[in-house]
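Undergrad: got a predicted structure plus its sequence, pasted below:
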Amino acid sequence: MRISMDLELKDTPGQLMHVLTPISDLGGNITSVVHHHDKKTFRNTVPVSVILEIDEQTLGELQDGLEQNGVTIVRVGKMRLRATTHILLIGHIIHTDLRDTIDEIDATGFAEVQDLSLSMPAIDGPSSAVITIMATGDKELKTSIGILRQIAERKDLLIIEPLDERGSPGGTSNGE
Amino acid sequence: MGNSLSPLTLSIIGFGAIGQGVATIVQNVPQIKVVAIADSKGVALMPDLKDVLARKRGGQPIANSNLTALDVIRTIDHDVVVEVTPTNIHGGEPGLTHVREALKNKRNVVTSNKGPLVAAFDELTQLAYTNGVALRYEATVGGAMPIVNLIRDTLAGARVLDIRGVLNGTCNYILTRMAEEALDYDQVLSEAQDMGIAEADPTYDVTGIDTACKVVILANAFFGRSATFADVDVTGIDRITQDALQLARQRGFAVKLVGDVQELTVSPKLVPIGHPLNVSGTLNAASILTDTAGEITVAGKGAGSIETASAILSDILSVMRDRS
């Protein structure tokens, strides 16, 4: 899962290694590291924000590892998928490899297909599906809709998107 | 043009469902005098409206002269040309010539015909301006539902940021019936054709062409575009399955064919059930987003001869008001 961490490091060379090594050793995947040199604390430490992907079970071990290395952990946040939308697809959804369609969304790292209902009335007839996509934010959701739009065009599927909410393009419009 | 005390004189060019609707409702307006009616076969001069309507309904010819529609427009002195021939999106004829000649001859034009406006919006509005006459077209978008004059007159002080609408009653009827009765597209289409809601050749409605024409007219009228039909990205409703509509419904959505004027797109969209654009049956609806008035949504009957004629009469009365 995606984790955000606010840390504090001593202001001496080589400190960042104490953060990166335990993450790497536990199979974590770093998405972003921001070193706030300009916001040095009164304790003379440097705040660092890290966003990473790691198994939830390994998170405790990671925190232990960081503390053993003298890193101060200020905050740990599990990033939830906040934005959600539904998309309709009509066409030869199965024949054009449904798995692949879902994988392309899941591979983004910031959005995933949470639910899919499929209706196949006849072997040769077009199928219909409603896909629920969740993403970390509205921007990411909009990007993932864009990916789906390209997939639909490539596979000749009709895609029906939600009406954009005024002022929040991408549509977190949710009738539920 | 006559002075404000004399009746307003008008010609009706085109005598299909809408032309007959206009003739029917202007019978009750004493200040309006119809000087000529043209159908595809000929022209009735100084017609007795009741008689001409009866003849048309009985399948008899209405012509009582050797004039053509263009002769009427060019040579007979009158105030308003009501151009209600069928829409032709390929070049706009014969309506385009009718409208052009009327404006050149300094006659006001009121029309329900999208063809000329989609083909030559800038040219025609310029022609009206230089000749000092009005070109009014409320009936081209949304039938009886006020939108053009609503934005131009009532919302005059607000800046329009976007307009989105359900602008085709045939599509909306088909999608509503499919969703509510769990019927297949083909079956509902046949039913709509039986009821006269869909044409024998439904292409113009179901592939989104009609909605796209309305989007073009609104974009040119209110966003200063010089858009034509080719500029609109159009997806119709003819691939939509009733399964898809049921799946959408289970998640709280209806599917509507939505025209977006700012984006120049027409496509089916998921509309939350409680959203004001979720109108059912043959109704049309439009949401107008403005800077100062926020979002305003109107809904009304998008088709029908008397309903469309009501929008035309509103335009005729505006011309009459402006004249005095």
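TA: Structure received.

Undergrad: from now on I want contacts and neighbour counts done on CA atoms only, so please keep to that.
TA: Will do.

Undergrad: give me the residue from chain A nearest chain B.
TA: Closest to chain B within chain A is A:Pro162: 4.2 Å, counting by Cα to the nearest Cα.

Undergrad: if you skip the residues just before and after it, what's nearest to that residue?
TA: B:Leu270 (4.2 Å; Cα to Cα, 6 or more residues apart in numbering or on different chains).

Undergrad: what about that neighbour, distance to B:Ala248?
TA: 7 Å (Cα to Cα, to the nearest Å).

Undergrad: list residues touching both of these two?
TA: B:Ala254, B:Val255 (Cα atoms under 8 Å, 6 or more residues apart in numbering or on different chains).

Undergrad: so what touches the helix or strand containing B:Ala285?
TA: Per DSSP states H and E: B:Ala285 is located in strand B:283-290. By Cα under 8 Å, 6+ apart, the residues outside strand B:283-290 that reach it are B:142, B:145, B:147, B:158-169, B:172-173, B:276-277, B:279, B:295-302.

Undergrad: and the buried ones among the residues you listed, selectable in PyMOL?
TA: Selection of the buried residues among the contacts of strand B:283-290 in PyMOL, burial being defined by 16 or more other Cα atoms under 10 Å in any protein chain shown:
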select buried, chain B and resi 142+145+147+159+160+162+163+164+165+166+167+168+169+172+173+277+279+298+299+300+301+302
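
Undergrad: ok, B:Ile174 - contacts?
TA: B:Tyr185, B:Val188, B:Leu189, B:Ala192, B:Gly281.

Undergrad: the residue nearest to A:Pro162: which element?
TA: Going by DSSP H and E, B:Leu270 is part of strand B:265-272.

Undergrad: name the strands paired with that strand and say parallel or antiparallel.
TA: Paired with strand B:265-272 in the same sheet, following DSSP bridges, are strand A:158-162 (parallel), strand B:233-234 (parallel), strand B:253-260 (antiparallel).

Undergrad: give me the domain ranges for the chain.
TA: Going with chain A. Chain A breaks down by automatic domain parsing into domains covering A:2-78, A:83-160.

Undergrad: right idea, wrong chain: chain B
TA: Using automatic domain parsing, chain B is parsed into the domains B:8-143+B:305-323, B:151-301.

Undergrad: out of the ones you listed, flag the one nearest A:Val34.
TA: Among these, domain B:151-301 comes nearest to A:Val34, with 37.6 Å by Cα to Cα.

Undergrad: what is the end-to-end distance of the closest one?
TA: The first-to-last residue distance of domain B:151-301 comes to 18 Å (Cα to Cα).

Undergrad: stretch B:102-111 too?
TA: Across stretch B:102-111, first to last residue, Cα to Cα, it's 11 Å.

Undergrad: neighbouring contacts of it?
TA: Applying Cα under 8 Å, 6+ apart, the external contacts of stretch B:102-111 come out as B:73-74, B:78-84, B:99, B:124, B:127-128, B:131-140, B:312, B:315-316, B:319.

Undergrad: mean confidence for it?
TA: For stretch B:102-111, mean pLDDT rounds to 98.

Undergrad: try stretch B:295-315
TA: Averaging pLDDT along stretch B:295-315 yields 92.

Undergrad: how far does it sit from its chain's centre?
TA: Relative to its parent chain, stretch B:295-315 has a centroid offset of 8 Å by Cα atoms, centre = their mean, to the nearest Å.

Undergrad: contacts for that stretch?
TA: Stretch B:295-315 is contacted by residues B:17-22, B:24-26, B:110-112, B:136-139, B:141-147, B:167-169, B:276-277, B:279, B:282-290 when judged by Cα under 8 Å, 6+ apart.

Undergrad: surely the residue of chain A closest to chain B meets B:His275?
TA: No: taking Cα atoms under 8 Å as the definition, A:Pro162 is not a contact partner of B:His275, at 11.6 Å.

Undergrad: quick one, which of those two is more surrounded?
TA: Neighbours were counted for A:Pro162 and for B:His275 using other Cα atoms under 10 Å in any protein chain shown; A:Pro162 has more, 23 against 12.

Undergrad: quick check, pLDDT for the more buried one.
TA: pLDDT, A:Pro162: 94.

Undergrad: likewise A:Gln57?
TA: According to the prediction, A:Gln57 has pLDDT 85.

Undergrad: tell me which residues touch the closest residue to A:Met120 other than its chain neighbours, please.
TA: Distances taken as Cα to Cα, 6+ apart put A:Ser127 closest to A:Met120, at 4.7 Å, once the chain neighbours are dropped. By Cα under 8 Å, 6+ apart, A:Ser127 lies in contact with A:Ile90, A:Gly91, A:His92, A:Ile93, A:Ile94, A:Leu118, A:Ser119, A:Met120, A:Pro121.

Undergrad: ok, now how distant is A:Ile151 from A:Ser117?
TA: From A:Ile151 to A:Ser117 the distance is 18 Å (Cα to Cα).

Undergrad: which one's more surrounded, the two?
TA: Between A:Ile151 and A:Ser117, A:Ile151 has the larger neighbour count (other Cα under 10 Å), namely 18 against 12.

Undergrad: got any ranges where chain A has weak pLDDT?
TA: Counting by pLDDT under 70, chain A has low-confidence residues at A:166-176.

Undergrad: pull the contacting residues for the residue nearest the centre of chain A.
TA: Ranked by distance to the mean C-alpha position of chain A (Cα atoms, centre = their mean), the top residue is A:Phe110 at 2.2 Å. Applying Cα under 8 Å, 6+ apart to A:Phe110 gives the contacts A:Leu81, A:Ala135, A:Thr136, A:Glu140.

Undergrad: angle of the lengthiest helix in chain A against strand A:158-162?
TA: As assigned by DSSP state H, the longest helix anywhere in chain A is helix A:138-154. Angle of helix A:138-154 versus strand A:158-162, following axes from the mean of the first three to the mean of the last three Cα atoms, to 10 degrees, is 160 degrees.

Undergrad: helix A:138-154 packs against which elements?
TA: If contacts are counted by 3 or more Cα pairs under 8 Å, 6 or more residues apart in numbering or on different chains; DSSP states H and E, helix A:138-154 sits against strand A:83-91, helix A:98-106, strand A:111-119, strand A:127-135, strand A:158-162.

Undergrad: how big is the angle separating that helix from strand A:83-91?
TA: Using the same axes, to 10 degrees: helix A:138-154 against strand A:83-91 is 10 degrees.

Undergrad: one step back: could I get the domains of chain A as TSV with distance to B:Asp153?
TA: Formatted as TSV, the domains of chain A follow (distance: least, Cα to Cα, whole Å):
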stretch	distance to B:Asp153
domain A:2-78	53
domain A:83-160	35
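
Undergrad: quick check: which of these is buried the most?
TA: The highest average neighbour count among the domains of chain A, using mean count of other Cα atoms under 10 Å in any protein chain shown, belongs to domain A:83-160 at a mean of 18.

Undergrad: just the element for the closest residue to A:Ile23 other than its chain neighbours, please.
TA: Spatial nearest neighbour of A:Ile23, excluding adjacent residues (Cα to Cα, 6+ apart): A:Leu62 at 6.6 Å. In this structure, A:Leu62 sits in helix A:59-68 according to DSSP H and E.

Undergrad: all set now, cheers.
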